[in-house]
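In: Got a sequence here, can you build the structure:
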Amino acid sequence: MERGRAPPPPRWRGPWILCLLPALAGGQPLAAGEAAYEERTVTGVRGRAAELSCGPTAAAAPVVVFWSFTAAATGVSGPPRAVAVGSGREVAVAPGAGTLGRVTLRNGTLELWELRAAAQGRFLCQGLFPERGRLRVGYAAVLLRVLVPVSKPFVRPTAAAAAEGAAVALTCAVREGTEPLSFSWQHREPRGGPPASPAGLGGSGAELRLTPANRSHAGWYACTVRNEVNNRTSEPVYLDIVYGPDEPAISVEPFSPEQGGFSAGEREDVVLSCLAPSNPPSRYVWLHNGSQVHTGQTYVIAAIVRAQAGTYTCLAENTHLQTRTQATIVLTVYYPPAGRPSCSALATGDLQDVALRCCWLGGFPPARLRWVGPQEEEEEEEGVMGTSFSMATSIQPGAATRNGSSFSCLASHPALPQGAACGTTLWVPAGGPSCAVAATKGDEYVMLRCWWEGGTPPVTLRWQDSGGWALGDPSPSAAILVLSASGSLGGRDFVCAAAHPLRAAGAECRLRLGKLDSSPGALTVPPCHGGLHIPAGSVPPLSRRAEVPELEAERSEVAVLEGGEARLACRWRGSGANLGATVAWYDPKEREVMPGLAKYRLERGEAWVNLTVWDAEWPGDSGIYRCAAANAVGTASLPVRLRVDRYPAPPNVTISKLRYTRARTEVRLEWRTQGAGNLTGFVVQRRQTKKPPRRAPGPWETAAGDIEPHSRDRRLGGLDPAVVYAFRVLAVNHRTAGHPSEVQTPAEPPFEAYPAVMGAAVAGMLVATAASLLAVRCVARHRDALPRLHDLLFRRAGPGAQEPIATPEGAETATSREAGAAPAPGDPAVPGPAAEPLSAPPGTTDDPPVNVTMTAGATP
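Out: As a prediction, the model looks like this:
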């Protein structure tokens, strides 16, 4: 075989072998009528081996076998193609059988190695089988199915990153594989974990639909494809879901929630944390009362003070989606009242009860006060007396209170972990009342005096006549009655009645006045005695029920915008209002609001008092206003909180241009706004900069404050050219001023050289032109004095050119010669206009004569 030449194709000997079928039968007849027919289906896998037997497995090998093939892929039945033919050990394979795979024939069985997809179709086997000394014809039709294994799949999402709420689809694709194919999906969380089936997701089969996509869909996705042969899993693909930010959640440490916000004690360290789920992570900005104070997720306020109370807003921003959310809390700073609480005890209820009073004004919120009884009854008394704010009053029945009982007022405040207390002990002084009488002012008046010192509360003393009618008002510890001296007082009895809530029986001191003598000072006074009781029927009726006024507020908290008007309403009810109750309002500094003040207006009714706050200012008018009522029994106090809110902060301002005018007495200012927000105008401020450097800069003063909200430029005058000024601009939303712009000093005006240069150039050209004309005229007039300069400017022309004569002297000469005068000796001969041309003397030149015509003009 020559090198490079393909070997000849194998010789197909199938028909020759078929011609030998009668000889191979050995002369025995063929049982054609007993031919066997068989049909079956065989499944093979591409790339593997498949065996196609001709006839039953238990039958003997055929003597002669012939295999043909009809492809199933064409869809049209055509003539079969020969595959292989064999007789015993002699086997022949058709040349085109290689498209089916590697074909071998063994004992009548067709073996297909490295099976190909083109082998799918109908194989027909025709053979002669020996049976009982004869040959039987057998036919076998084998339908071969070639299965293709699944290739490795791959996942294709519609987008690698999608916004939450959008529709996303993932497609699982394979290059090849015999159907039917089944698909399954696996999902793994972004931070790891075992893969799980994405239950509840839309779509099935090769496409997984996430409609709409949410944040739980983010992670790694892989798909597995299965068929009858095998299964393959794709490489995982990451799907990112962009979302947020959600509404921020603000946490406060130390955690002390209250109605409508959080609270902290003054001088405490407060940590504000903000969390707004977002992908990518949120950018956090903290605002205090609308002004930016911090950037970051956590804001630490060290040693907070009461001025830092107010609203705190956490602004979360997703820089990818350009979306923002915010949350706001109210942080209240508590501070206790100054000093310590004070306790007192007063007799009340027709001198049968004791009013215990506890007072501790100031602080925010007001201190809670609570009375407790003796130590052995503390638990019982605590549930009976209740609590009050700033002022607490408790009525103790005198008959049920033992002499020497001690009561304590316990004060609690959020800013005082240990609290505070004051106390008092109720006791009755020993002995009884003492009486005395004296004449005063020259016996014109009679003064009756009664006293009984000591005790808590003090003993109440009152003078009465013999009939039991009260004379004067009762007073503690001492009572004085002054009477006009007259004869009618003689022989009358006066009784000083003493009463104490802890003393069941009253005491008295009785005086009987004698008749007046003529001598001054002869007033008869019987001795004092006590122990007598005044009948109850002879005493004027008094109120038997004593209560502290009950106060009600229309609203416990009133909110108003800065500059607005706030109305605080307070009314009282109950029987305590009939005991001469007086009601007053106190401002946050515990000063009583009096009528006639410009800041406040008081309106009174029969059972109500309203306080109106004009032109509310932030934060000066914010705080706790107290409505206090007092009667003969005790006092009551009701706090009403006024919250003055500022308008939202306007947008920030940036100065874009600031430049002096040429006179340096005015500046041209231009600015622009950044961000969103409402505004009602602008304010321009100026001050003198530090000059010399050791001197501090001056205060800011308003240069322009009535600028419309749509304006973005301003011309400001009235400047001193010798002073360097600094300017800044603020946006204003009603009374809320935004962040001031950066501080800038005016730039110098630009130097405009073009007009000056052009003016100087024109003036120079005019001056040079005039000077040149004067110089030329001078040279022309003084030809003899400046011959060289004259020749330079007025050089004579060559032969054939006209010679201009521009001097007056030449003009005069030409005129005289024209008139016929003889030229003077030595003068050059200048012909006139009509003169004949002169010829040169003979022998002076060899050139031929030339006629020259000269014209002279004179200038007058």
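In: What count of nearby residues applies to the nearest residue to Gly290 once chain neighbours are set aside?
Out: Using Cβ to Cβ, 6 or more residues apart in numbering and skipping residues adjacent in sequence, the residue nearest Gly290 is Ala649, 3.6 Å away. Where you see a C-beta, it was placed from the backbone N, CA and C, and this is true even at glycine. Residues lying near Ala649 (other Cβ atoms under 10 Å) number 22.
In: residues of stretch 712-724 that come out buried?
Out: Buried residues in stretch 712-724, defined by neighbour count with 16 or more other Cβ atoms under 10 Å: 712, 714, 716, 719.
In: Now the phi/psi pair for the first one, please.
Out: Spelled out, it's Arg712. The phi and psi values for Arg712, taken as degrees, to the nearest 10, are phi -130, psi 10.
In: how about it, what does it touch?
Out: Applying Cβ atoms under 8 Å, 6 or more residues apart in numbering to Arg712 gives the contacts 670-672.
In: Is Cys343 bridged to anything, and to what?
Out: Cys358 (DSSP bridges).
In: rewinding a little: now, among the buried residues of stretch 712-724, which is nearest to Ala167?
Out: Using Cβ to Cβ, Arg712 is the member of the buried residues of stretch 712-724 that lies nearest Ala167, at 44.1 Å.
In: Would you mind giving me the confidence score for the closest one?
Out: In this model, Arg712 is scored at 88, pLDDT.
In: cool, Ala49 as well?
Out: pLDDT at Ala49 comes out at 93.
In: Give me the buried subset of the contacts of Arg712.
Out: Buried among the contacts of Arg712 by 16+ other Cβ under 10 Å: Trp671.
In: nearest to Ser344, of the contacts of Arg712?
Out: Trp671 (63.1 Å).
In: so where does that closest one fall, helix or strand?
Out: Applying DSSP states H and E as the criterion places Trp671 in strand 667-674.
In: Enumerate the sheet neighbours of that strand, specifying parallel or antiparallel for every one.
Out: With DSSP bridges as the test, strand 667-674 is paired with strand 652-660 (antiparallel), strand 713-716 (antiparallel).
In: which element follows that strand toward the C-terminus?
Out: Tracing the chain C-terminally past strand 667-674 and defining elements by DSSP H and E, one meets strand 681-688 next.
In: Check the offset of the strand holding Trp671 from the chain's centre.
Out: Remark: strand 667-674 is offset 26 Å from the chain centroid, using Cα atoms, centre = their mean, to the nearest Å.
In: hey, C-alpha coordinates of that strand in PDB?
Out: Written as PDB, here are the backbone C-alpha positions of strand 667-674 (Å, rounded to 0.1, in the frame of the first residue of the first chain):
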ATOM      1  CA  VAL A 667     -21.100  92.500  47.100                       C
ATOM      2  CA  ARG A 668     -22.900  90.300  44.600                       C
ATOM      3  CA  LEU A 669     -24.000  87.000  46.400                       C
ATOM      4  CA  GLU A 670     -25.500  83.900  44.700                       C
ATOM      5  CA  TRP A 671     -26.400  80.600  46.300                       C
ATOM      6  CA  ARG A 672     -28.200  77.400  45.700                       C
ATOM      7  CA  THR A 673     -30.100  74.900  47.800                       C
ATOM      8  CA  GLN A 674     -29.300  71.200  48.300                       C
END
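In: where exactly do the helices run in this structure?
Out: 14-19, 21-24, 378-385, 753-781, 787-793, 808-818 (DSSP state H).
In: Can you get me the start-to-end distance on stretch 40-50?
Out: Separation of the first and last residues of stretch 40-50 by Cα to Cα, to the nearest Å is 14 Å.
In: residues making contact with that stretch?
Out: Contact partners of stretch 40-50, identified using Cβ under 8 Å, 6+ apart, comprise 51-52, 111-117, 119, 140-149, 228-229.
In: gap between the closest residue to Gly454 other than its chain neighbours and Asp240?
Out: Distances taken as Cβ to Cβ, 6+ apart place Pro429 nearest to Gly454, at 3.2 Å, with adjacent residues excluded. Pro429 sits 88 Å away from Asp240 when distances are taken as Cβ to Cβ, to the nearest Å.
In: swap in Asn652?
Out: Distance check for Asn652 against Asp240: by Cβ to Cβ, it reads 34 Å.
In: Surely Ala35 is in contact with Ala140?
Out: No - using Cβ atoms under 8 Å, Ala35 makes no contact with Ala140, being 11.2 Å away.
In: Can you show me the strands along the stretch 301-450 of the chain?
Out: Assigned by DSSP state E, counting those that start in this stretch, the stretch 301-450 of the chain shows strands spanning 310-318, 323-334, 342-348, 353-359, 368-372, 387-389, 391-397, 405-413, 416-426, 434-440, 445-451.
In: Indicate which one of those strands is closest to Cys509.
Out: Nearest to Cys509, of all the strands of the stretch 301-450 of the chain, is strand 434-440, at 3.8 Å by Cβ to Cβ.
In: send the alpha carbons of that closest one over as PDB?
Out: Extracted C-alpha coordinates of strand 434-440, given in PDB (Å, rounded to 0.1, in the frame of the first residue of the first chain):
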ATOM      1  CA  SER A 434     -54.100  79.900 129.400                       C
ATOM      2  CA  CYS A 435     -56.200  83.200 129.400                       C
ATOM      3  CA  ALA A 436     -55.400  86.700 130.300                       C
ATOM      4  CA  VAL A 437     -57.100  90.100 129.900                       C
ATOM      5  CA  ALA A 438     -55.600  93.600 129.800                       C
ATOM      6  CA  ALA A 439     -56.900  97.100 129.200                       C
ATOM      7  CA  THR A 440     -55.100  99.000 126.600                       C
END
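In: hang on, the earlier thing: including distance to Thr178, could the strands paired with strand 667-674 go into JSON lines?
Out: Shown next, in JSON lines, are the strands paired with strand 667-674 (distance: least, Cβ to Cβ, whole Å):
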{"stretch": "strand 652-660", "distance to Thr178": "68"}
{"stretch": "strand 713-716", "distance to Thr178": "78"}
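In: which one of those strands lies closest to Gly339?
Out: Closest to Gly339 of the strands paired with strand 667-674 is strand 652-660 (Cβ to Cβ; 45.2 Å).
In: Now find how far off-centre that closest one is within its chain.
Out: 26 Å.
In: Identify the residues contacting the residue most central in space within the chain.
Out: Centroid check for the chain by Cα atoms, centre = their mean gives Leu315 as the closest residue, at 1.9 Å. The contact partners of Leu315, by Cβ under 8 Å, 6+ apart, come to 284-287, 324-326.
In: follow-up on the earlier one: with neighbour numbers in mind, choose between Ala35 and Ala140.
Out: Each of Ala35 and Ala140 has its neighbours counted (other Cβ under 10 Å); Ala140 has more, 23 against 13.
In: That'll do, ta.
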